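Visitor: Predicted model, plus sequence, below.
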Amino acid sequence: MDVSDQQTAEPDETDEDSARLHALGYAQELKRTMSSFSNFAVSFTIISVLSGCLTLYGFGLKTGGPAAMIWGWPLVGVFVVLVGLGMAEVCSSYPTAGGLYYWAARLATRNGPAWSWFTGWFNLIGQIAVTAGIDFGAALFLNAFLDLQWGFGATPGHTILLLAIILVVHGALNTFGVRVVAVLNSVSVWWHLAGVLVIVGVLVFVPGKHQEASFVFGSFVNQTGWGSSIYVFALGLLLAQYTLTGYDASAHMTEETKNAAKAGPRGIINSILVSLVAGWILLIGLTFAIQDYGGAVTSATGVPPAQIFIDATGAVTGKFLLLICIGAQLFCGMASVTANSRMIYAFARDGAVPGSKFWHRINQRTQTPTNAVWLAAGGALILALPYLWSATAYAAVTSIATVGLYVAYVIPVFLRVRRGDSFEKGPWNLGRWGKPIGIIATAWVVVIFVLFMLPQAYPVTVDSFNYTPIAFLVVLGGAGLWWVLSARKWFTGPKVQGSAAELEAVEQELKELG
């Protein structure tokens, strides 16, 4: 692939980043302290194979079983890499916290504000849903551990209570412990990599027996009620597609990253590639270790991986492995709140969120958007509440996250394809491969948009209903109505903050306040 990635270093990286941001119309309001590794770490942490793979593993056991999970992972991975490549190229041209919706506005040849508006709202609902999904998964696993250790029953009420506590902790860390969050994001990378190796290593050497390779790579299980194996296999792709989300965080953190036009794209791609390898190893290792398939599916803990750990290694070791997963999921949720708040901050900066002035407000001491942090946490809790009365709510939340994020991911990629040779390439670009990659990526997202809106279990009842379409109708219907009745008259896309002199004045004021 003819990928151009210029290596020439500028004398002052920070000045170059600020100048690029000024050219895009924004002042340097956020502290630019993140390294390339830190930028990668945020996306890798949010992808979190120890979160997505394991929290949806029970869904996978019933929806296609081992064959769908093991082979669905690399299949989805190919298309995710293509989507990521398309995003990375655009990120290099426009490294701003707004990310996707800013890109849409700049790339659209006409109706730019409308493209920007709806991209932003797809991204917003997707990010809030992925935060809900991650911390909801952490709450499920924590509830399973507390149940095993102290008999704290794995009930919907207990899980939602734990979710609320986790979200408050993540909100507080992002409000008061900004430096701690940066350190924890870096630690998280090694926690995830070491965690996968420890879990797989234990599951290889400790159990007295393992499944046959024919079972791991060839066993197809359908407990959905649907008769079509192809349909069920396709539904089972949700595990991989949901896990491999969140890498747009590298774009949202570019206003805080040094050498952003190169570090942002690298963060997107590297986080996907490393996660693909680690996730496949984890899925294969866990599936080989299954001792009682039916017992795992119906586990009283509500968390099939926890049951597999205990069946395969004993109670003490099993709970230790469970704690590794919980730690990774908590890291993941913390990083998701961080990235989500930056998107809210940028969208509010451009007046596209109700109460924009409040949500765009910057904490003068930390120079971080703390009000946006709490909107991200509160929105995630609200989205997860249907779990109190719907057993399939978690799968629906993950569907919302997946569909919302991927539509937002691919709109700028699609618009870049329409731009053709008039697209202004950044220092990291795909050369002649940009258009074909963008076309394939767009087609894939169209497929999954339809797929993950469909019913996931039969017969369709109140308990099994996939409420993903309803959530989208409510949020995007509201955004659409707001656009038609009002926003189209005043929303002109991302706003510039002023002339070069005015931008420098904003930055000087922040320095004096700090």
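Guide: Happy to help now that I have it. Numbering: from 1, shown residues only.

Visitor: Just say helix, strand or coil for A129.
Guide: Recorded secondary structure, A129: helix (DSSP: H, G, I helix; E, B strand; the rest coil).

Visitor: quick one: contacts for it?
Guide: By CB atoms under 8 Å, 6 or more residues apart in numbering, A129 lies in contact with A380, L383, V397, T398, I400, A401, G404, A471. In short, each C-beta sits where N, CA and C put it, glycine included.

Visitor: Can you tell me, leaving aside adjacent residues, what's nearest to P412?
Guide: Of all residues beyond its chain neighbours, the one nearest P412 is W103 (3.8 Å), with distances taken as CB to CB, 6 or more residues apart in numbering.

Visitor: from what I can see the one you found touches V90, true?
Guide: Yes: when contacts are counted by CB atoms under 8 Å, W103 is listed as touching V90 (4.9 Å).

Visitor: And those two? Which one has more around it.
Guide: V90 (30 against 27; other CB atoms under 10 Å).

Visitor: give me the element the more buried one is part of.
Guide: For V90, the enclosing helix or strand under DSSP states H and E is helix 65-93.

Visitor: Can you point out the buried residues in that helix?
Guide: 65-73, 76-77, 79-93 (16 or more other CB atoms under 10 Å).

Visitor: right, and the helix or strand after it?
Guide: helix 100-107.

Visitor: That following helix: how far from the chain's middle?
Guide: 19 Å (CA atoms, centre = their mean, to the nearest Å).

Visitor: Please find the angle between the direction vectors of that helix and helix 65-93.
Guide: For helix 100-107 against helix 65-93, the angle between stretch directions is 50 degrees (axes from the mean of the first three to the mean of the last three CA atoms, to 10 degrees).

Visitor: which residues sit against helix 100-107?
Guide: The contact list for helix 100-107 (CB under 8 Å, 6+ apart) reads 24, 87, 90-91, 93-94, 96, 112-113, 115-117, 119-120, 123, 248, 251, 346-347, 352, 408-409, 411-412, 415-416, 418-419, 423, 493-494.

Visitor: Show me these that map onto helices.
Guide: 87, 90-91, 93, 112-113, 115-117, 119-120, 123, 251, 346-347, 408-409, 411-412, 415-416, 418-419 (DSSP state H).

Visitor: From the residues you listed, list just the buried residues.
Guide: Buried among the ones in helices among the contacts of helix 100-107 by 16+ other CB under 10 Å: 87, 90-91, 93, 112-113, 115-117, 119-120, 123, 251, 346-347, 408-409, 411-412, 415-416, 419.

Visitor: List the contacts of the most centrally placed residue in the chain.
Guide: Geometric centre of the chain, nearest residue: G246, 2.3 Å, by CA atoms, centre = their mean. By CB under 8 Å, 6+ apart, G246 lies in contact with S43, I46, I47, S48, V130, S336, A339, L405.

Visitor: Sitting in helices, which of these do you find?
Guide: Cross-referencing those against helices under DSSP H gives S43, I46, I47, V130, S336, A339, L405.

Visitor: what's the closest non-adjacent residue to the last one?
Guide: This means L405. Per CB to CB, 6+ apart, closest to L405 is G126, 3.5 Å.

Visitor: Against L85, how distant is the one you found?
Guide: As judged by CB to CB, to the nearest Å, G126 and L85 stand 19 Å apart.

Visitor: what's the answer for A441, then?
Guide: As judged by CB to CB, A441 and L85 stand 8 Å apart.

Visitor: Number of residues surrounding the nearest residue to G77 once chain neighbours are set aside?
Guide: Leaving aside its chain neighbours, G77 sits nearest to L276 (4.6 Å; criterion: CB to CB, 6+ apart). Residues near L276, counting by other CB under 10 Å, number 22.

Visitor: if I pick L276, what's in contact with it?
Guide: Counted by CB under 8 Å, 6+ apart, L276 has contacts W73, P74, G77, V80, V81, L244.

Visitor: same thing with A380?
Guide: I128, A129, T131, A132, D135, L167, V337, N340.

Visitor: these two touch, right, K62 and V297?
Guide: Yes: with contact defined as CB under 8 Å, K62 counts as touching V297 (6.2 Å).

Visitor: More neighbours: which of these two?
Guide: Per other CB under 10 Å, whichever of K62 and V297 has more neighbours is K62, with 19 against 15.

Visitor: ok now do the more buried one, which residues does it touch?
Guide: V221, N222, Q223, T224, V297.

Visitor: Emit the PyMOL select command for whichever of those residues are buried.
Guide: To isolate the buried members of the contacts of K62 in PyMOL, using 16+ other CB under 10 Å:
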select buried, resi 221+222+224
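
Visitor: I'd like to know which of the contacts of K62 are part of helices.
Guide: V297.

Visitor: Which members of the contacts of K62 occur in strands, if any?
Guide: V221, N222 (DSSP state E).

Visitor: could you dump the contacts of K62 to JSON lines with distance to V198?
Guide: As requested, these are exported to JSON lines (distance: CB to CB, whole Å):
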{"residue": "V221", "distance to V198": "28"}
{"residue": "N222", "distance to V198": "33"}
{"residue": "Q223", "distance to V198": "30"}
{"residue": "T224", "distance to V198": "33"}
{"residue": "V297", "distance to V198": "25"}
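
Visitor: Closest one of the contacts of K62 to H360?
Guide: T224 (43.9 Å; CB to CB).

Visitor: shouldn't that closest one be in contact with G60?
Guide: No: using CB under 8 Å, T224 is not in contact with G60, being 11.3 Å away.

Visitor: I'm done for today, thanks for sticking with me.
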